[in-house]
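output the structure for:
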Amino acid sequence: MFGNWHATALFWKPQVALLVNEMTSLCSLDRAPTRQENARRLPRAFPYSGEASRKHSMRRRQFMLQSVVASGAPVFAITARPQPQRSLPIIGFLGSTAPAPELVKSFLVGLSGGGVEVGRDVAIEYRWAHNRMDGLAPLVAELLHQRAAILVTIGGIPVAKAAKAATRTIPILFEVGRDPVASGLVTSLNRPGGNATGVHMLTSSLNAKRLELLRELVPRATTVAVLTNPTNIGQPAVEREIRTVAPTFGFEPLIARASSEAEIETAFEMFVDRKVGALVVANDAFFNSRRAQLVALTNLHSLPTVFEWREFAAEGGLMSYGTDLSDVLRQLGNYAARVLKGAKPEDLPVLQPTRFELVINERTARALGLTIPQALLLRASEIVR
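Take a look at the predicted model:
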């Protein structure tokens, strides 16, 4: 009612309340006629005008204030001040790659589905490592300096471990492809213990299925290449698995490693020289951030390839088989909402996907001169035409 100014209510008589502005001495709630207006109406009743009128009014105000104070009548101060803004809890969101808006969008969908809205209930601080694993620890320190109430990590074991090394008390929600128990993030899947839980995507256990799909699609291929990232601590296990499983499907495995855009180009030159018949791109956050480059190179060199994520096939890759990454981020968002509402990570089991997506890009298959077996089409979760 009064904005940001201060007023004092003076109760002089039971039926009269005066408001005294601390800056202007006296005012009333309703505008009264000026002395000059009243003087024009009743000239005899208002003999003062001009400077004399102003002095007379000042003396009258002083007299009224002194009378009220002397009478012992109660004096009340009415102060209207802006309400302080409520401080929102902060989610520290850390990714190993460049910013990934589509993953953030899925996370926010899960957060909202859990009844938590950004701006109303929570704020989010984002940090991205741009594939520099040595930069993870400083980014975690920044988020802790911002007093993050929760840390959310995407990009695999290294990101989750960087958060785990920095705090044993602040809740950590992760998405990882490798076994989080074997990696030391949790004590068990059902009862994680400690301050971390999240989603285990089972990516390392799906390589045999990807090789099986390639065998159905390109039955005459003899050599299969596997592209891995040497900076990913899970890749040695992937390479061992491929070397063991590939011969059971009649493939001779060829391992190629790349951790930069230039090294990816070099790897594909080797594939061409070695006349590779098919390719598996291993699960890796860096490879996911280089989707456009990888899809373009596989199509340029007519190399039948199976990827991890649906997004590869949707953007022109031949085929993908794995978990739904968007759904994984939605689950993380829902877990974040539950933790903000009081749940403890140690009581939230590590989630594992129960459904895996086979996505086939029919248009790309035609461009590569491939005929997709009817049995494979019937098993596909989605066909991109």
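
got the contact list for residue 249?
211-212, 214-215 (CB atoms under 8 Å, 6 or more residues apart in numbering). Glycine gets a C-beta too; all of them are placed from N, C-alpha and C.

now these in TSV, with distance to residue 241, neighbour count and secondary structure?
Rendered in TSV, the data for the contacts of residue 249 read as follows (distance: CB to CB, whole Å; neighbours: other CB atoms under 10 Å; DSSP: H, G, I helix; E, B strand; the rest coil):
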residue	distance to residue 241	neighbour count	secondary structure
211	10	24	helix
212	13	15	helix
214	15	25	helix
215	16	17	helix
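
output those in JSON lines; the columns should cover pLDDT.
Shown next, in JSON lines, are the contacts of residue 249 (pLDDT from 0 to 100):
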{"residue": "211", "pLDDT": "95"}
{"residue": "212", "pLDDT": "95"}
{"residue": "214", "pLDDT": "96"}
{"residue": "215", "pLDDT": "96"}
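
without its sequence neighbours, what residue ends up closest to residue 275?
residue 223 (7.1 Å; CB to CB, 6 or more residues apart in numbering).

what distance do you get for that neighbour to residue 253?
With distances taken as CB to CB, to the nearest Å, residue 223 is found 8 Å from residue 253.

ditto for residue 272
Distance from residue 272 to residue 253, by CB to CB: 17 Å.

ok, back up a step: nearest to residue 297 among the contacts of residue 249?
Proximity of the contacts of residue 249 to residue 297 (CB to CB) peaks at residue 214, which lies at 17.1 Å.

which residues sit in contact with that closest one?
Contacts of residue 214 (CB under 8 Å, 6+ apart): 221, 224, 249, 251, 278, 280, 304, 306.

out of the residues you listed, which sit inside helices?
Using DSSP state H, no member of the contacts of residue 214 sits in helices.

among those, who's most crowded?
Counting neighbours by other CB atoms under 10 Å, residue 306 comes out on top of the contacts of residue 214 with 29 neighbours.

now do the contacts for that residue.
Residue 306 is in contact with 210, 213-214, 278-281, 318-321, counting by CB under 8 Å, 6+ apart.

which of those residues has the most neighbours?
Counting neighbours by other CB under 10 Å, residue 318 leads the contacts of residue 306 with 31 neighbours.

who's the closest spatial neighbour of it, skipping the chain neighbours?
Spatial nearest neighbour of residue 318, chain neighbours left out: residue 364 (4.9 Å); criterion: CB to CB, 6+ apart.

sorry, back to before: give me the number of residues near the residue nearest to residue 275?
For residue 223, the count of nearby residues is 16 (other CB under 10 Å).

what sits opposite it in the beta ladder?
Residue 223 has the following beta-bridge partners by DSSP bridges: residue 252.

please enumerate the strands of the stretch 51-200 of the chain.
For the stretch 51-200 of the chain, the strands defined by DSSP state E, counting those that start in this stretch cover 75-79, 90-95, 123-128, 150-154, 172-176, 196-200.

could you dump those to CSV with mean pLDDT and distance to residue 288?
Output for those, formatted as CSV (pLDDT from 0 to 100; distance: least, CB to CB, whole Å):
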stretch, mean pLDDT, distance to residue 288
strand 75-79, 46, 56
strand 90-95, 98, 10
strand 123-128, 98, 13
strand 150-154, 98, 10
strand 172-176, 96, 12
strand 196-200, 97, 15
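
can the ones you listed go into JSON lines with extra columns for distance to residue 101?
Formatted as JSON lines, the strands of the stretch 51-200 of the chain follow (distance: least, CB to CB, whole Å):
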{"stretch": "strand 75-79", "distance to residue 101": "46"}
{"stretch": "strand 90-95", "distance to residue 101": "11"}
{"stretch": "strand 123-128", "distance to residue 101": "10"}
{"stretch": "strand 150-154", "distance to residue 101": "13"}
{"stretch": "strand 172-176", "distance to residue 101": "16"}
{"stretch": "strand 196-200", "distance to residue 101": "20"}
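
got a list of what the residue nearest to residue 275 touches?
With CB under 8 Å, 6+ apart, residue 223 has these contacts: 251-254, 274-278.

show me where pLDDT drops low in the protein?
For the chain, the stretches with pLDDT under 70 are 1-86, 204.

how is it carved up into domains?
For the chain, automatic domain parsing gives the domain ranges 6-79, 90-202+327-347, 204-322+355-384.

looking at residue 272 and residue 253, which is more packed in?
Higher neighbour count among residue 272 and residue 253: residue 253, with 18 against 13, using other CB under 10 Å.

fine by me, thanks again.
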